[in-house]
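Asks: how would this look folded up:
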Amino acid sequence: MDVLLRQKAPSGLIGWKEEEEIAVALGLSLHEAEERLLAQGVLPQRYQRNAKSITREEQYRLFQSRVAVIGCGGLGGYLLEELARLGIASISAWDYDNFAEHNLNRQLLLEMEFIGLSKVETAAKRVQAINPAVKFQAFNRPFAAGEGEDLLAGHQVVVDALDSIPVRKMLAAVCQRLSLPLVHGAIAGWCGQVCTQFPGEDSLEIIYRNSNQEQGVESEQGVLAFAPAVVASLQVAEVVKILLGRGELLRKRILLFNLLDMEFEVLDL
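Replies: Okay, the predicted model is just below:
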């Protein structure tokens with residue numbers, strides 16, 4: 001390995017072609033090869049622009065982390081894209097739905113030719129295309145408490161990209177039992193919200209205390225293309241801060257925004 005690194009990455013940076021060559025030479029998967037490179041302080045060029053804001057040690061920590069995304073629609077597509085590009089190298093995703101034409105206005109994973117195809121299986125192909133070092137687990141079925149609890153064990157963070165309030169509450173309860181932080185996001189029209197719930201906190205219960213509906217106001221207001229992009233980016237920022245132990249989180253607080261009036265507000269819960 002040391003000889004290969006001197007040949008392929010003399011400056012401490014390595015290109016994708018050279019990374020593939022090392023994987024083949026050592027009989028490793030791309031995931032295994034990248035883990036070895038990062039462990040030795042070698043940075044893939046794909047993450048070079050991360051390096052001004054996070055250290056190489058932190059990049060390695062992101063690589064070793066496991067993040068679960070529940071939902072692969074409007075929010076989920078942006079979440080998976082950003083997590084994979086950042087270098088979080090173990091991602092699980094749940095969604096039982098197939099793409100419909102009306103999803104095209106906001107769902108990043110959807111192209112015309114994918115109408116009718118599985119969202120989560122399309123997500124798996126997209127992640128493979130943008131970062132083949134990522135291990136991606138696709139669950140093409142609804143998230144359910146019993147099975148979900150078993151499958152979420154071992155993750156560091158769970159991200160809520162759901163559009164069902166009852167399932168969202170169930171997910172929050174599962175995360176409580178597993179002592180996992182949950183990053184919540186929701187969208188409607190020009191508006192969105194984000195908060196992060198840690199074990200022992202009841203933020204989601206407070207937010208949806210008076211809601212007995214299946215869906216929130218998005219069923220009345222629709223969703224515009226930019227709202228999920230904003231919420232998902234804020235959620236990914238929360239995920240990275242949790243994984244790296246840096247920055248201020250939206251714990252016991254909720255960030256609300258209205259992009260029509262360009263108003264952002266953070267409220268205590």
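
Asks: Residues contacting stretch 120-131, please?
Replies: With CB atoms under 8 Å, 6 or more residues apart in numbering as the test, stretch 120-131 has contacts from 46, 72, 76-77, 80-81, 84-85, 87, 89, 91, 93-96, 99, 109-110, 114, 134, 136, 138-140. C-beta here means a position set from N, CA and C on the backbone, and glycine is covered the same way.

Asks: ugh, wrong one, stretch 98-112
Replies: Contact with stretch 98-112 is made by 72-74, 76-78, 80-81, 114-119, 122-123, 126, 223-225, 227-229, as judged by CB under 8 Å, 6+ apart.

Asks: Are any of these buried, and if so which?
Replies: Among these, those scoring as buried are 72-74, 76-78, 80-81, 114, 118-119, 122-123, 126, 223-224, 227-229 (criterion: 16 or more other CB atoms under 10 Å).

Asks: Show the average pLDDT along stretch 101-109.
Replies: Confidence over stretch 101-109, taken as the mean pLDDT, stands at 95.

Asks: So residue 158 belongs to a helix, correct?
Replies: No: counting by DSSP: H, G, I helix; E, B strand; the rest coil, residue 158 falls outside a helix, being strand.

Asks: That one touches residue 185, doesn't it?
Replies: No: the pair residue 158 / residue 185 is not scored as a contact, 11.9 Å apart, by CB atoms under 8 Å.

Asks: and for those two, which residues touch both?
Replies: The contact lists of residue 158 and residue 185 share no entry, where a contact means CB under 8 Å, 6+ apart.

Asks: of the two, who's got more company?
Replies: Applying other CB atoms under 10 Å to residue 158 and residue 185 shows that residue 185 carries more neighbours, namely 30 against 26.

Asks: quick one: the more buried one from residue 207, how far?
Replies: Per CB to CB, to the nearest Å, residue 185 is found 11 Å from residue 207.

Asks: what touches both of these two?
Replies: With CB under 8 Å, 6+ apart, residue 185 and residue 207 have common neighbours residue 193.

Asks: For residue 58, which non-adjacent residue is closest in space?
Replies: In space, and not counting its chain neighbours, residue 58 is closest to residue 244: 5.2 Å by CB to CB, 6 or more residues apart in numbering.

Asks: Quick check: the one you found vs residue 150, distance?
Replies: From residue 244 over to residue 150 the distance is 27 Å, taken as CB to CB.

Asks: got it, and residue 188?
Replies: Distance of residue 188 to residue 150, given as CB to CB: 32 Å.

Asks: Next: residue 238.
Replies: 25 Å.

Asks: try residue 210
Replies: Residue 210 is 32 Å from residue 150, by CB to CB.

Asks: more crowded one of those two?
Replies: More crowded of residue 210 and residue 150, by other CB under 10 Å: residue 150, with 10 against 6.

Asks: contacting residues around the one helix or strand the more buried one maps to?
Replies: Element membership of residue 150, judged by DSSP states H and E, is helix 145-152. Outside helix 145-152, the residues that touch it by CB under 8 Å, 6+ apart are 68, 92, 94, 139, 158, 170-171, 173-175, 177-178, 180.

Asks: and that helix, average pLDDT?
Replies: Taken as a whole, helix 145-152 has an average pLDDT of 90.

Asks: got the buried residues for that helix?
Replies: Buried residues in helix 145-152 (16+ other CB under 10 Å): 148, 151-152.

Asks: Assign a three-state SS to residue 129, would you?
Replies: Under three-state DSSP, the three-state class of residue 129 is helix.

Asks: er, residue 136 actually
Replies: Per three-state DSSP, residue 136 ends up strand.
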